[in-house]
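**Q** this is a predicted model, with the sequence first.
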2 protein chains.
Amino acid sequence: MLLHTIAEVREQVKEWKKQGLTVGLVPTMGALHNGHKSLIEKSVAKCDKTVVSVFVNPIQFCPGEDLDKYPRTLDEDTKLCDTIGADIVFAPSPAEMYPDAQMLSNDFLTYVIPPFFYVNKLCGKSRVGHFDGVCTVVNKLFNIVQPDFAFFGEKDRQQLIILKKMVKDLNIPVDIIPCPIVREESGLALSSRNKYLSANGKKEALVLSKILNNIKICYNKGIKDINALKETAYSMLNENHSLEYLEFRDKNNLEEKETADSDTIVFIALRVEDVRLIDNIEL
Amino acid sequence: MLLHTIAEVREQVKEWKKQGLTVGLVPTMGALHNGHKSLIEKSVAKCDKTVVSVFVNPIQFCPGEDLDKYPRTLDEDTKLCDTIGADIVFAPSPAEMYPDAQMLSNDFLTYVIPPFFYVNKLCGKSRVGHFDGVCTVVNKLFNIVQPDFAFFGEKDRQQLIILKKMVKDLNIPVDIIPCPIVREESGLALSSRNKYLSANGKKEALVLSKILNNIKICYNKGIKDINALKETAYSMLNENHSLEYLEFRDKNNLEEKETADSDTIVFIALRVEDVRLIDNIEL
């Protein structure tokens, strides 16, 4: 069932709650791929009812980012959701989510702001305001759908950690369910932005997962020194790769690690053909 | 029923919701007076079940404010709530609401931040960060109690307007019910901070309501010019009154008025015996 208004979603969810049914929410920006598919499948398996939201959220795009050209494929998305067994696809217009379209700055809109310590690093460093937009829209979606569970991919690991922190800090009555990264056979982590890559770009993009796998192999062999682990990575880069960061951080609070250990996540971001790609791995 | 933990409140409210009962929330900082009493009575009359929260919220006090000396009278508060017919008094410890007591800054805690345009004026001007703390704790209380209705006094009118904006912006499924200011026979608006005043201070404090009433009388007589209306007020002040602001603003978005009209609220804040007092009136 494709719904476009908040009122319709609320009415339907209210009906379900009356019947004592559990509700899962899978928040997406559409352009669904097998990564999203795995989230939706997990929700369908775990919850009585599943809502997939499809909304390209303007306030999480920074100036100069790809808001306008971000892929929009609602017909295909709806079909996929139906096939998997989702009950509602909620695809609101920007005006439905933000009635005052000209008033999206924090001068005129209430924002949910994650802690500075969690956002002043990794993707948050180059994407200023991005996680403010994410937390705000996820908070809105939680308030609209009132799900019991919400499903997020580990691909956007910083986002996942920030959202778990938001839920804890604000006592939001939603269980966040993390879902493993889905990869192509080649190892490339699925992302809606992979569509921007040429065939050759996709090959070059394999360096992200190769670096992470290699670091994990070295770590498992006993190398815990982070500089040594980073060196193995740098040697794998070529002139087609523009590295943004390669960092070792705590899986709960994103603190920088001094030595690699089992609480460590390795985060990488780099550009191939000017497309920004991210990946991560737990040691 | 006096409850101290979030888990207990959630369990009780869940039980009520299963029975299809409506829930009202009256958020307070305790030191309950007849103003609070009127909020609780309104909730008891309107809702099947009423929760009164009593929590002196540290993050809404600014440096140098009266967090430590703020009156705490939980025994009397609980008795009053019982008498009026509230079902739960929720009095959490600071650690229950903020488990990391040393980490209350926005470096380490997720905040709900109201729009700058709504907070950079009136009380927000001198109480920097105050409304961030208010919005954050009210959001937490909404998530904990999940009320259908929440009751706030018009005495804290800027707070009320900001909270209504928060509910709208974040699609929070709670109806905010504004409740009229309760006054002593003398005209003094009730406030927990009135306890700080001497007998003479209470007399001097009557100037707030006198100024507002006088402005309303002049307005009703046909004076719409704001400077003229302000002049009538200034003449009523003496050396015991330290005026912080006297402003004419729109009742929905707090925009400054050029001419007094029926959408105007007159806001006043002044200090008597170094106690900060506020009041307001709708024209």
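**A** Nice, I can see it.
**Q** any idea which helix or strand comes after the helix or strand harbouring residue A:26?
**A** Taking DSSP states H and E as the definition, residue A:26 sits inside strand A:23-28. Following strand A:23-28 in sequence order, the next helix or strand is helix A:34-46 (DSSP H and E).
**Q** same for that following helix, what does it pack against?
**A** Counting contacts by 3 or more C-beta pairs under 8 Å, 6 or more residues apart in numbering or on different chains; DSSP states H and E, helix A:34-46 packs against strand A:23-28, strand A:49-54, helix A:74-84, strand A:149-153, strand A:175-179. For every residue, glycine as well, the C-beta is placed using N, CA and C.
**Q** now the angle between helix A:74-84 and it, please.
**A** If you take axes from the mean of the first three to the mean of the last three C-alpha atoms, to 10 degrees, helix A:34-46 sits at 40 degrees to helix A:74-84.
**Q** find the closest residue to chain B in the stretch 151-283 of chain A.
**A** For the stretch 151-283 of chain A, the residue closest to chain B is residue A:169, as judged by C-beta to the nearest C-beta, at 3.8 Å.
**Q** I figured that residue hits residue B:110, correct?
**A** Yes - between residue A:169 and residue B:110 there is a contact under C-beta atoms under 8 Å: 3.8 Å.
**Q** intersection of neighbour lists for the two?
**A** Listed as contacting both residue A:169 and residue B:110 by C-beta atoms under 8 Å, 6 or more residues apart in numbering or on different chains are residue A:115.
**Q** the closest residue to residue A:243 other than its chain neighbours: what's it in contact with?
**A** Nearest in space to residue A:243, with sequence neighbours left out and distances taken as C-beta to C-beta, 6 or more residues apart in numbering or on different chains, is residue A:270 at 4.7 Å. Counting by C-beta under 8 Å, 6+ apart, residue A:270 touches A:207, A:208, A:237, A:241, A:242, A:243, A:244, A:276, A:277.
**Q** what does the pLDDT read for the third one?
**A** On the pLDDT scale, residue A:237 is placed at 97.
**Q** so it sits against residue A:210, correct?
**A** No - the pair residue A:237 / residue A:210 is not scored as a contact, 10.3 Å apart, by C-beta under 8 Å.
**Q** please identify the buried residues of the strand or helix carrying residue A:166?
**A** Using DSSP H and E, residue A:166 sits in helix A:157-169. In terms of neighbour count (16 or more other C-beta atoms under 10 Å in any protein chain shown), helix A:157-169 has its buried residues at A:157, A:158, A:159, A:160, A:161, A:162, A:163, A:165, A:166, A:167, A:169.
**Q** how about stretch A:176-190?
**A** If you call a residue buried by 16+ other C-beta under 10 Å, then stretch A:176-190 has these buried ones: A:176, A:177, A:179, A:181, A:182, A:188, A:189, A:190.
**Q** and for stretch A:258-270?
**A** Buried residues in stretch A:258-270, defined by neighbour count with 16+ other C-beta under 10 Å: A:260, A:264, A:265, A:266, A:267, A:268, A:269, A:270.
**Q** how about those residues in JSON lines, adding secondary structure and distance to residue A:20?
**A** Shown next, in JSON lines, are the buried residues of stretch A:258-270 (DSSP: H, G, I helix; E, B strand; the rest coil; distance: C-beta to C-beta, whole Å):
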{"residue": "A:260", "secondary structure": "coil", "distance to residue A:20": "46"}
{"residue": "A:264", "secondary structure": "strand", "distance to residue A:20": "42"}
{"residue": "A:265", "secondary structure": "strand", "distance to residue A:20": "38"}
{"residue": "A:266", "secondary structure": "strand", "distance to residue A:20": "43"}
{"residue": "A:267", "secondary structure": "strand", "distance to residue A:20": "41"}
{"residue": "A:268", "secondary structure": "strand", "distance to residue A:20": "44"}
{"residue": "A:269", "secondary structure": "strand", "distance to residue A:20": "43"}
{"residue": "A:270", "secondary structure": "strand", "distance to residue A:20": "48"}
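**Q** and for whichever residue of the stretch 1-150 of chain A sits closest to chain B, the neighbour number?
**A** Nearest residue of the stretch 1-150 of chain A to chain B, counting by C-beta to the nearest C-beta: residue A:110, 3.8 Å away. The local packing of residue A:110 (other C-beta atoms under 10 Å in any protein chain shown) involves 24 other residues.
**Q** not counting sequence-adjacent ones, nearest residue to it?
**A** Leaving aside its sequence neighbours, residue A:110 sits nearest to residue B:169 (C-beta to C-beta, 6+ apart; 3.8 Å).
**Q** contact partners of the helix-or-strand element of chain A with minimal mean pLDDT?
**A** Every helix and strand of chain A was ranked by mean pLDDT, DSSP states H and E. The lowest is helix A:123-126, at a mean of 94. For helix A:123-126, contacts defined as C-beta under 8 Å, 6+ apart pick out A:118, A:130, A:131, A:158, A:159, A:244, A:245, A:269, A:278.
**Q** and which of these is nearest residue B:91?
**A** Residue B:91 has its nearest neighbour among those in residue A:118, at 30.4 Å by C-beta to C-beta.
**Q** what helix or strand is that closest one on?
**A** Assessed by DSSP H and E, residue A:118 sits inside helix A:116-119.
**Q** one more: residue A:140?
**A** In the assignment (DSSP H and E), residue A:140 maps to helix A:130-145.
**Q** and if you look at residue A:253?
**A** Counting by DSSP H and E, no helix or strand carries residue A:253.
**Q** does it touch residue A:118 like I think?
**A** Yes - the criterion here is C-beta under 8 Å, and residue A:253 meets it with residue A:118 at 7.5 Å.
**Q** so what's the nearest residue to residue A:82 once chain neighbours are set aside bridging to?
**A** Using C-beta to C-beta, 6+ apart and skipping residues adjacent in sequence, the residue nearest residue A:82 is residue A:89, 8.0 Å away. With DSSP bridges as the criterion, residue A:89 is bridged to residue A:2, residue A:52.
**Q** ok, residue A:89 - contacts?
**A** By C-beta under 8 Å, 6+ apart, the residues touching residue A:89 are A:1, A:2, A:3, A:51, A:52, A:53, A:54, A:77, A:78, A:81, A:82.
**Q** tell me the domain boundaries of chain A?
**A** Annotated domains of chain A cover A:2-179, A:192-282 [automatic domain parsing].
**Q** now render those domains as JSON lines, adding distance to residue B:101.
**A** Putting these into JSON lines (distance: least, C-beta to C-beta, whole Å) gives the following:
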{"stretch": "domain A:2-179", "distance to residue B:101": "13"}
{"stretch": "domain A:192-282", "distance to residue B:101": "16"}
